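Peer 1: coords below, sequence missing:
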């Protein structure tokens, strides 16, 4: 189901995401939030995350669904962290900026929580992560000190 159809269904029926009604969001928040990697146009919006969660809901229950839930949770937390960092840059009051940076850090902790469980239940994740670490170490000439 594409984004427009999903949003149309939300507006014309009583079907709603389980935790938050989409129309309760300020429409400005639903616009795309730029990421550092704008070249590939992979920007996510809050509405797109709801669409992905709807797709997950249609999957059969089990480890595969749980893995997708954790991955989507990580994406949402990292997107939120990026948003708060950008808001911190835009803030004119130092206290607002400091608060945004603190919340951004908390979102990274949440992403780490999802990743920790993902490493445990996704049989491929830990091996892929270790392979990625080795590739970075080789590329940058970093020696493993373990």
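Peer 2: That came through fine. The model shown is predicted, which means the values in this text are computed figures rather than measured ones.

Peer 1: domains for the protein, by residue range?
Peer 2: 1-58, 60-123 (automatic domain parsing).

Peer 1: Once you drop chain neighbours, what's closest to residue 129?
Peer 2: residue 119 (7.1 Å; CB to CB, 6 or more residues apart in numbering). Where you see a C-beta, it was placed from the backbone N, CA and C, and this is true even at glycine.

Peer 1: Let me know the helix or strand that that neighbour is in.
Peer 2: helix 94-121 (DSSP states H and E).

Peer 1: quick one, the helix or strand just after that helix and helix 94-121 angle?
Peer 2: Counting by DSSP H and E, the next helix or strand C-terminal to helix 94-121 is helix 125-140. On the basis of axes from the mean of the first three to the mean of the last three CA atoms, to 10 degrees, helix 125-140 is oriented at 120 degrees to helix 94-121.

Peer 1: Return the member of the domains of the chain having the minimum mean pLDDT.
Peer 2: Among the domains of the chain, domain 1-58 has the lowest mean pLDDT, at a mean of 52.

Peer 1: distance of residue 88 from residue 104?
Peer 2: Between residue 88 and residue 104 the computed distance is 7 Å (CB to CB, to the nearest Å).

Peer 1: Equivalent analysis for residue 137, please.
Peer 2: As judged by CB to CB, residue 137 and residue 104 stand 27 Å apart.

Peer 1: Residue 142 too?
Peer 2: According to CB to CB, residue 142 stands 26 Å off from residue 104.

Peer 1: Between these two, tell me which one has more neighbours.
Peer 2: Shown here are residue 142 and residue 104; by other CB atoms under 10 Å, residue 104 has more neighbours (19 against 11).

Peer 1: and the closest residue to the more buried one other than its chain neighbours, what does it touch?
Peer 2: The spatially closest residue to residue 104, leaving aside those adjacent along the chain, is residue 84, at 3.7 Å (CB to CB, 6+ apart). Listed by CB atoms under 8 Å, 6 or more residues apart in numbering, the contact set of residue 84 reads 100, 101, 103, 104, 107.

Peer 1: Checking residue 84 next. Helix, strand or coil?
Peer 2: Assigned with DSSP: H, G, I helix; E, B strand; the rest coil, residue 84 falls in the helix class.

Peer 1: Name the residues of stretch 77-94 that are buried.
Peer 2: Residues of stretch 77-94 classed as buried by neighbour count (16 or more other CB atoms under 10 Å): 77, 78, 79, 80, 81, 82, 83, 84, 85, 86, 87, 88.
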